[in-house]
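> Quick one, what's the 3D model for this:
(3 chains)
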Amino acid sequence: MSSSEDDRPLAAMHGARTNGTSSTVSADTNGTTPGPTFANKNPKSVGHETGGRFDKMANKSTNGVRPVGTAVVPLVNGSVGDSGGLGRGKRKGRQAPIKESGSSSEDSDAPLNKRRRTSNAIRKENGLKQEESSSDDDVPLAKKTAAKRRNAPSPTLVKREKKPSAPLRRDSSDSDIPLAAAKLAKEKQRIEQKAAKTAKEIRAEENKAATAAGAKRKPAGNANTSELAKKTGKAPLKKANGIKKEESSDDDVPLAKKRKGVVQKPTESTKKVAPGKKIKEVDTKPIAGKGKGKAKEETPGEADDEEEEEYKWWENQAETDGTQKWTTLVHNGVLFPPAYEPLPKHVKMKYAGVEVTLPVEAEEVAGFFGAMLDTQHALNPTFAENFFKDFQTILKQSGGAKGPDGKSVNILAFQKCDFKPMYDYFEEKKAEKKALGTAGRKALKAEKDKAEEKYLYCYLDGRKEKVGNFRVEPPGLFRGRGEHPKTGMVKARVQPEQVTINIGKEATVPAPPPGHNWADVIHDNTVTWLATWKENINGNIKYVMLAATSSLKGMSDFKKFEKARELKNHIDRIREDYTRDLKSELMADRQRATAMYLIDKLALRAGNEKSDDEADTVGCCSLRYEHITLELPNIVVFDFLGKDSIRFYQKTPVIHQVFKNLKIFKKAPKTKGDMIFDRLDTTQLNKHLQNYMQGLSAKVFRTYNASWTMQEQLDEIPNEGAVHEKYAAYNLANKKVAILCNHQRTVSTTHEIMMQKQEEKIKGLRYQKLRLKRMILSLEPARKKKNPTFFRPDPEIDDEEWIRDHQVFLIEQEKDRITKKFEKENEKLRESGEKGLKDKDLKERLQIIKEMEAEFKTENKTGKIDPKRGATIEKLEAQVQKMEERIKKQETEAQVREDNKTVALGTSKINYIDPRLTVMFCKKYDVPIEKIFAKTLRDKFKWAIESADEDWKF
DNA sequence: CAGAGTTAATCGGTCTTAAAAGC
DNA sequence: CGCTTTTAAGACCGATTAACTCT
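Prediction:
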């Protein structure tokens, strides 16, 4: 039973099922139908008939809907409501009162109230089989409504959910466990062995070092780790490791010492600044400077750090309970953007055609807009409006604009503002910088690097770790994506007074900029951030955290994938359960089951509620009436805007029961604006998922299905051929995953032009080929009879007119080339003090054009071209062959470019595909990892690169 | 629900690559 | 003519920060 097929994501399973004609539910659930797997989802197999993702892609650009990214284009055209099918309008339905009165107790809560009634109405109208009495049915609902307000699950509800799943859990998944468990055990063993080995090595090294240094030592980090390991009493081997490691050190009392240090040292904690293995430094350099201190002072010692550093957490995994993230944390705070530099006096915006002088504060804001004149944002009315409102406010607060005569000017109309002078100035600046040349720019960069140096790294448990975004976000105009109601508002400059620093007690608190204070300094080791502030637009909290290469992020990434892998052990049961619950009499359960089906099959996001002052985007639970259309017999058309306002458009067959359910969920009185899943939200859904597996939530399905699909795709790649072929195959697999996750990118503005250019180029090659053939004909005219088709132009260029045009183009091009070359030579000559060439020389050179023209003329008349001397039929044929190859190459390149124009491979590579799959692929197929993982990814996924081998399985 | 983390597209710059120029 | 060097388009990369999930 536990064949690998059962592990297929629904993507595959349901595809197989639904392709079968009248699949019954029972047939569905057994999931053994092998059938084509991914292909069922693949646009190529499904798309043309059912309008799979292919259609989505195709549709996108032709639809008048902004393909991806910002919604500016449609906005510019003035019509916000282009989105007929998109359901992008505000959900009026949400607010719309519903006439029938519900029970009074719920009246206060409009949406819930509405939901409830809707569902009741639906139930009545559908005559949903009610094994439960209607009153019974109502009870949980009432409770739920109340419970929801209190944010606590109703006992009834919990019971209901649990009962069925418990027994099922037992029998359904049993079959899978032994195998999987065995695999896991094996895996664990391998890892542990490795860990043990490394531990040994480390110990050996340490001993050596210890003897050499002769004294105390112990990275605080290790001590810490082991301590935690002890606490949780985890895997014996690991524990052993920890203990061993610590042995030498623990009695050295690093912890106690440290603690003492912490307590006693509010002042110069420098000794503790670099705890851990930097004993050498600690010993040799008494690290004096606190403020300027640590990071810098350490640089000299870096060389040996570097080798020694490298904390391979994945080889030394102490299970922590996860709440404590560090014991010591040392860092230098955040880097603020440079203060605003006022524009030179002569650069002024104009109002109604007249230059006005702005107070600096307002000038800065005006400049924000001025700098964006050539972006799409500037054309977005919402953006402009929001900007202008804020601009006016700031202007008012700062004293207002003054005309050339010194009198106040009231800035009242956006239309009368002209930011062009500012724009021009910025462009000028850019050009200046460009003109600096490589050397100058290098110097500039060195300067910048120096300023950043001390923020680049921090010390977490004594280990040097890279900090991610240590720069405080600079002020500017908020670039909300999609139809964000607040886009264009002024994002204020963040003052130190708003920034809270989180740092180890033992560390020196970084000094705030002179004359300023921090909002607060805290020592919270249950979080990973180093600094935080609240952003003024949406009130969101921003954090400075460690880089993706850090151990903290690495470990959590690792855990994420392990969690997804664990889902393998539960997925069968989960699918069985929800397939069964699709028919539940309880509306809430039925909705939940349906949602789970969609999340599993289509990789939808959970879909939390959003407020009205955000862009109107949805995920699964927040789908509304207008986002789904049903087409008999079982096709569902999804059309909605997801995260980042990326359109999700898909026509897909679903199993009968899901189709039926969706129909019910859409039934009157529901209408545009109403929630499809009115009895479900993400919290409930996730709570339900927790019952199956600790830590299971909706998003895990995305990771699981993405990685699972990747594994499946990679398995199909034959291990043969050149590296570039295998690489291409990998990318194809990657692409399937990207499509599954609906990862898109905007078609670059130049795409169409590029495609046309390339097409023209290919035609040019075809023409060249034709000419070669004509040369052959000139050498041996008799061939034409033997093989007439061979000498005909390719159909793409079988067009007299085009050929004529092309000939003209070629002549022009040649003229151009000759002239340019002439000028260049001339310049060179003059530069070296010689006299330039004369026009006469140019004319001479252009003689060749005449010949070309003549050649084309006879060619057009006779269809023959005199081959160059020395040409033979064999040589020409070889050249034809070569030309064919070039054409082929260009064509496939064009195809790939066209196919990938809207697909973004990066996101899935970075976030969804277990990197160990890629590592496995590279090892097994002998593809250099560098081809697939760029530098930053190699760093980020170091744990995977060093721990997965060629047999690794997701 | 605020808070903490993860996921996402995009932007601006750099590096690659393939064709043209030079030898 | 065939090889190497130069050049420019455009692919690719990393940084950035918005937008999401989930507790």
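> Domain map for chain A?
A:4-171+A:560-711, A:178-328, A:350-438, A:752-899 (automatic domain parsing).
> Who are the contact partners of residue A:549?
Counting by C-beta atoms under 8 Å, 6 or more residues apart in numbering, residue A:549 touches A:466, A:936, A:939, A:940, A:942. (Each C-beta comes from the backbone N, C-alpha and C, glycine too.)
> Now the fourth one. Its backbone dihedrals?
Main-chain torsions, residue A:940, degrees, to the nearest 10: phi -60, psi -40.
> tally of neighbours for it?
Using other C-beta atoms under 10 Å, residue A:940 has 21 neighbouring residues.
> so it touches residue A:551, yeah?
No. At 11.5 Å, residue A:940 and residue A:551 do not qualify as touching, with contact defined as C-beta atoms under 8 Å.
> still on that earlier bit, please, a PyMOL command that selects the buried ones among the contacts of residue A:549?
To isolate the buried subset of these in PyMOL, counting by 16 or more other C-beta atoms under 10 Å, use the following:
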select buried, chain A and resi 939+940+942
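> and residue A:793, how many residues sit next to it?
Residues near residue A:793, counting by other C-beta under 10 Å: 18.
> Actually, residue A:781.
Neighbours around residue A:781, by other C-beta under 10 Å: 11.
> how about the residue lying closest to it once chain neighbours are set aside, secondary structure?
Leaving aside its chain neighbours, residue A:781 sits nearest to residue A:864 (7.9 Å; criterion: C-beta to C-beta, 6 or more residues apart in numbering). The three-state label for residue A:864, taken from DSSP: H, G, I helix; E, B strand; the rest coil, comes out as coil.
> Check which helix or strand residue A:444 maps to.
Using DSSP states H and E, residue A:444 sits in helix A:437-456.
> Where does pLDDT dip in chain A?
A:1-309, A:317-320, A:828-838, A:869 (pLDDT under 70).
> just the strands in the stretch 601-750 of chain A please.
A:628-631, A:635-641, A:647-653 (DSSP state E, counting those that start in this stretch).
> and the second one, which strands flank it?
So the one you mean is strand A:635-641. Within its sheet, and counting by DSSP bridges, strand A:635-641 is paired with strand A:628-631 (antiparallel), strand A:647-653 (antiparallel).
> For the last one, list every residue counted as buried.
Just to be clear, that refers to strand A:647-653. Quick answer for strand A:647-653 (16+ other C-beta under 10 Å): A:647, A:648, A:649, A:650, A:651, A:652, A:653.
> Max pairwise distance over the residues you listed: which two?
For the buried residues of strand A:647-653, with distances taken as C-beta to C-beta, the pair at the greatest spread is A:647 and A:653 (20.4 Å).
> I'd like to know which residues of the stretch 401-550 of chain A are adjacent to DNA strand C.
A:468-469, A:471, A:473-474, A:476, A:478-482, A:484, A:491, A:535, A:538, A:540 (C-beta under 7 Å from any atom of the strand).
> From these, which land in strands?
Under the assignment DSSP state E, these contribute A:476, A:491 to strands.
> Which members of the residues of the stretch 401-550 of chain A next to DNA strand C are positioned in helices?
Among those, no residue falls in helices (DSSP state H).
> among the residues of the stretch 401-550 of chain A next to DNA strand C, which ones are buried?
A:468, A:469, A:476, A:478, A:480, A:481, A:482, A:484, A:491.
> now, among these, which is nearest to DNA strand B?
residue A:481 (6.8 Å; C-beta to the nearest atom of the strand).
> could you list every residue that touches residue A:419?
Residue A:419 neighbours (C-beta under 8 Å, 6+ apart): A:349, A:366, A:369, A:370, A:373.
> Go through the residues you listed and say which is closest to DNA strand C.
residue A:369 (15.1 Å).
> looking at it, that closest one is touching residue A:380, isn't it?
No. Using C-beta under 8 Å, residue A:369 makes no contact with residue A:380, being 11.7 Å away.
> ok, back up a step: got a markdown table for the buried residues of strand A:647-653, with distance to DNA strand C too?
Shown next, in a markdown table, are the buried residues of strand A:647-653 (distance: C-beta to the nearest atom of the strand, whole Å):
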| residue | distance to DNA strand C |
| --- | --- |
| A:647 | 11 |
| A:648 | 11 |
| A:649 | 16 |
| A:650 | 17 |
| A:651 | 22 |
| A:652 | 19 |
| A:653 | 24 |
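> Spell out which parts of the stretch 801-950 of chain A neighbour DNA strand B.
So far as C-beta under 7 Å from any atom of the strand goes, the stretch 801-950 of chain A lies against DNA strand B at A:817, A:820-821, A:824, A:886, A:890, A:904, A:906-908, A:910-912.
> Among these, name the ones in strands.
Per DSSP E, these never map to strands.
> from those, which would you call buried?
A:890, A:904, A:907, A:908, A:910, A:912.
> In helices, which of those residues appear?
A:890, A:907, A:908, A:910.
> between those residues, which is nearest DNA strand B?
residue A:907 (3.6 Å).
> For that closest one, which non-adjacent residue is closest in space?
For residue A:907, the spatially nearest residue (C-beta to C-beta, 6+ apart) is residue A:743, at 4.4 Å.
> Could you report the neighbour count for the one you found?
When neighbours are counted by other C-beta under 10 Å, residue A:743 comes out with 22.
> same deal with residue A:785?
Neighbours of residue A:785 (other C-beta under 10 Å): 8.
> how close does it get to residue A:435?
64 Å (C-beta to C-beta, to the nearest Å).
> again with residue A:719
From residue A:719 to residue A:435 the distance is 52 Å (C-beta to C-beta).
> and what of residue A:881?
47 Å.
> between the two, which one's more packed in?
residue A:881 (12 against 9).
> ok and the residue in the stretch 201-350 of chain A nearest DNA strand C?
residue A:337 (8.3 Å).
> mind checking which helix or strand that residue is in?
Here residue A:337 is covered by no helix or strand, with elements defined by DSSP H and E.
> In contact with residue A:357, which residues?
By C-beta under 8 Å, 6+ apart, the neighbours of residue A:357 are A:348, A:401, A:402, A:403.
> Which members of those are classed as buried?
A:348, A:401.
> closest to residue A:495 among the contacts of residue A:357?
Checking those against residue A:495 by C-beta to C-beta gives residue A:401 as the nearest, at 25.2 Å.
> Thought residue A:409 was touching that closest one, still the case?
Yes. Between residue A:401 and residue A:409 there is a contact at 4.6 Å, judged by C-beta under 8 Å.
> Residue A:573 touches residue A:693, doesn't it?
No. If you go by C-beta under 8 Å, residue A:573 and residue A:693 don't touch, sitting 9.6 Å apart.
> Could you give the number of residues near the residue of the stretch 551-700 of chain A found nearest DNA strand B?
Closest residue of the stretch 551-700 of chain A to DNA strand B, C-beta to the nearest atom of the strand: residue A:556 (3.3 Å). Residue A:556 sits with 13 neighbouring residues when counted by other C-beta under 10 Å.
> Okay, and it sits in which element?
Using DSSP H and E, residue A:556 falls in helix A:551-567.
> now residue A:521
strand A:520-522.
> Within the sheet, what are the partner strands of that strand, with directions?
Going by DSSP bridges, the partners of strand A:520-522 are strand A:500-502 (parallel).
> Tell me the buried residues in the partner strand?
A:500, A:501, A:502.
> And the nearest residue to the first one once chain neighbours are set aside, how far from DNA strand C?
Spatially, and ignoring its direct neighbours in sequence, residue A:500 is nearest to residue A:520 (4.4 Å; C-beta to C-beta, 6+ apart). From residue A:520 across to DNA strand C, the span is 21 Å (C-beta to the nearest atom of the strand, to the nearest Å).
> Sounds good, over and out.
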